[in-house]
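In: Here you go, sequence then predicted model.
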Amino acid sequence: MAFSVAPLWSATNLLVALSSLAIFVLLRLTYPINNPMTPRRAIPSPRETLIPFLSRSQATALPYPPNFLPGSRDVDTPYGMMRVYEWGPEEGRKVVMVHGDTTPGPMLGPVAKALVQRGCRVIILDLWGRGYSDSPLDVPHDARLFSMQILFAAASSPLSWTGATSGGFSVIAFSLGCGVAMSFASHFPFLVNTIILLAPGGLLRRMPDGYDSLFFRYPSLVPLAYLRRLVGKILGVTLSGVPINQTLTETNVPAAPGVPPSSETKENQDLDIPAIVQWQFDNHQGFVHSFVNTINHGPLMHQHSEWSNICKIIRGESSSAPASSLSSQVHNSKILVLLGEADGIVLVNEVSEDLLQILGPEHIEFRTIPGGHGFPVPHSEDVIEEISKFWKLQVVD
């Protein structure tokens, strides 16, 4: 009688195939595969992929034109090119402003312009993968990557923002930017003298709707087209490039070589956040990559340890902070926190409870502003009023 080993070999081959597939998937998750023939350190922003192909008038007509804010410059870094804006009196109080995870720097433009009118020197930057900043590859979009942008922006200034006699600078941050700002201040306390947080992410107890999708956890295994569809749903945009037939409310506002950056800005241009979000989604080829990467690695949740460190510095309990740091300049002062009354993402009661537990009531001041998570845009006058009272600013003639 003949003996057949075919069934045994079939089972063995199947086991080997399944094991190989499992190993491939694990390696793919741990070490994303790049094409060695086209090595890139970053996905370029519309500064490179769009603006060079437009006329000056076409570029100026964009929802987010290259000359939207004064004093623009593009800074070359090890992670790619980043967009920075700086303007205001050279001798004024220095302020760095950091935006959130979905909208680029212009969303803070109205507040920045009001600060300049009150004598401040302001820097606004586009975070990685947003606006006119590139989207770094093979680097987690975490607090370390983003906080280094603040250092790059300050160091690229023609003025002294980081020198021994610079006097340091203040930081105003919104949403995700608050986690970035607190991380930066934790590691560079000698550069930061005051902090103002707007709708602060970083201590979220739960992620916003849609952010917890299982597909975002393993983006290298998911087709880009499907990731775009998921991100588009979160942002309330359409894949066709035509804005959806609805208006974003305050509670769901998400949160160039061809035309060189110019000091001639469109001062009278309205800030159309839905149009800017749609434009960025349509035209920044690295936005989805950076957005998903930020969901996985960004300082949105569980930043208690980082924030506790900066709070120790403020209370004067850290021996690592030099005398010119937050420990001396803000000691006996407070961090100002502005919260949206109807914010469905950063809840007033939760963030107040967590911050008071970390910092204590003597070192923090809370104020509520009408509106939802996107309150800095429609209620910029309320925001600047609270900041002006906190810093005792007045309009400069």
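Out: Happy to help now that I have it.
In: got the CA positions of stretch 189-198 in CSV?
Out: C-alpha atoms of stretch 189-198 as CSV (Å, rounded to 0.1, in the frame of the first residue of the first chain):
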residue,chain,number,x,y,z
PRO,A,189,12.1,76.6,31.3
PHE,A,190,14.8,79.3,31.1
LEU,A,191,13.3,80.5,27.8
VAL,A,192,9.6,80.7,28.8
ASN,A,193,8.3,83.3,31.2
THR,A,194,4.5,83.0,31.0
ILE,A,195,2.0,80.5,29.6
ILE,A,196,-1.6,80.9,28.4
LEU,A,197,-3.6,77.9,27.4
LEU,A,198,-6.7,78.0,25.2
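In: For beta bridges, what are the partners of residue 83?
Out: Beta-bridge partners recorded for residue 83 (DSSP bridges): residue 74.
In: And stretch 372-384, end to end?
Out: The straight-line separation of the ends of stretch 372-384 (CA to CA, to the nearest Å) is 17 Å.
In: Let me fix that, I meant to ask about stretch 86-101.
Out: End-to-end for stretch 86-101, by CA to CA: 21 Å.
In: One more: stretch 217-232?
Out: End-to-end for stretch 217-232, by CA to CA: 17 Å.
In: And for stretch 77-90?
Out: 24 Å.
In: Please point out which parts of that stretch sit buried.
Out: The neighbour-count check on stretch 77-90 (16 or more other CB atoms under 10 Å) flags 77, 79-88 as buried. Yep, even glycine has a C-beta here, placed from its N, CA and C like the rest.
In: Cross those residues against strands and list the overlap.
Out: Taking DSSP state E, the ones among these that sit in strands are 77, 80-87.
In: Quick check: the two most widely separated of those?
Out: The distance between the two most remote of these (CB to CB) is 23.5 Å, for 80 and 87.
In: Can you give me the distance of residue 196 to residue 393?
Out: Separation of residue 196 from residue 393 (CB to CB, to the nearest Å) stands at 12 Å.
In: Quickly list what's touching both of those two.
Out: Common contacts of residue 196 and residue 393 (CB atoms under 8 Å, 6 or more residues apart in numbering): residue 387.
In: Those two - which one has more neighbours?
Out: More crowded of residue 196 and residue 393, by other CB atoms under 10 Å: residue 196, with 25 against 19.
In: pretty sure that one is in a strand, no?
Out: Yes - counting by DSSP: H, G, I helix; E, B strand; the rest coil, one finds residue 196 located in a strand.
In: Quick check: bridge partners of it?
Out: Per DSSP bridges, the residues bridged to residue 196 are residue 172, residue 336.
In: correct me, but it touches residue 335?
Out: Yes - using CB atoms under 8 Å, residue 196 and residue 335 qualify as a contacting pair, with a distance of 7.3 Å.
In: on that earlier part again, wait, which of the ones in strands among the buried residues of stretch 77-90 is closest to residue 297?
Out: Using CB to CB, these come closest to residue 297 at residue 80, 16.8 Å.
In: Which residue ranges of the chain form strands?
Out: For the chain, applying DSSP E gives strands covering 42-43, 72-77, 80-87, 93-98, 120-125, 135-136, 169-174, 192-198, 335-340, 364-369.
In: can you redo those strands as a markdown table with distance to residue 157?
Out: Shown next, in a markdown table, are the strands of the chain (distance: least, CB to CB, whole Å):
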| stretch | distance to residue 157 |
| --- | --- |
| strand 42-43 | 22 |
| strand 72-77 | 9 |
| strand 80-87 | 6 |
| strand 93-98 | 9 |
| strand 120-125 | 7 |
| strand 135-136 | 22 |
| strand 169-174 | 10 |
| strand 192-198 | 15 |
| strand 335-340 | 24 |
| strand 364-369 | 29 |
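In: Now that we have these, can you turn them into TSV and tack on mean pLDDT?
Out: Shown next, in TSV, are those (pLDDT from 0 to 100):
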stretch	mean pLDDT
strand 42-43	96
strand 72-77	97
strand 80-87	98
strand 93-98	97
strand 120-125	98
strand 135-136	98
strand 169-174	97
strand 192-198	94
strand 335-340	96
strand 364-369	95
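In: Those: which one's closest to residue 160?
Out: Per CB to CB, nearest to residue 160 of the strands of the chain: strand 93-98, 9.3 Å.
In: which residues sit in contact with the residue lying closest to residue 90 once chain neighbours are set aside?
Out: Nearest residue to residue 90, sequence neighbours excluded (CB to CB, 6 or more residues apart in numbering): residue 159, at 6.0 Å. Contact analysis of residue 159 by CB under 8 Å, 6+ apart lists 90, 94, 121, 166.
In: How many residues are close by the last one?
Out: To tie it back to what came earlier, the one meant is residue 166. Residue 166: 15 neighbours (other CB under 10 Å).
In: Distance of it relative to residue 222?
Out: 45 Å.
In: Now do residue 279 against residue 68, distance only.
Out: For residue 279 relative to residue 68 (CB to CB), the value is 11 Å.
In: for residue 178, same thing?
Out: From residue 178 to residue 68 the distance is 23 Å (CB to CB).
In: Neighbour count for these two, which is higher?
Out: Taking other CB under 10 Å, residue 178 and residue 68 do not tie; residue 178 has more neighbours (30 against 23).
In: if I read this right, the more buried one contacts residue 185, doesn't it?
Out: No - counting by CB under 8 Å, residue 185 is not a contact partner of residue 178; they are 10.5 Å apart.
In: Check the gap between residue 53 and residue 283 for me.
Out: Applying CB to CB to residue 53 and residue 283 gives a distance of 11 Å.
In: which of these two has more neighbours?
Out: residue 283 (17 against 9).
In: if we can go back for a sec, out of the contacts of residue 159, who's nearest residue 172?
Out: Closest to residue 172, out of all of the contacts of residue 159 and judged by CB to CB, is residue 94, at 11.4 Å.
In: How many residues are close by that closest one?
Out: 25.
In: just checking, it touches residue 168?
Out: Yes - counting by CB under 8 Å, residue 168 is a contact partner of residue 94 at 7.5 Å.
In: Where do the helices of the stretch 151-300 of the chain begin and end?
Out: Along the stretch 151-300 of the chain, counting by DSSP state H, counting those that start in this stretch, helices occupy 176-187, 214-217, 224-235, 273-283, 287-297.
In: Thank you, goodbye.
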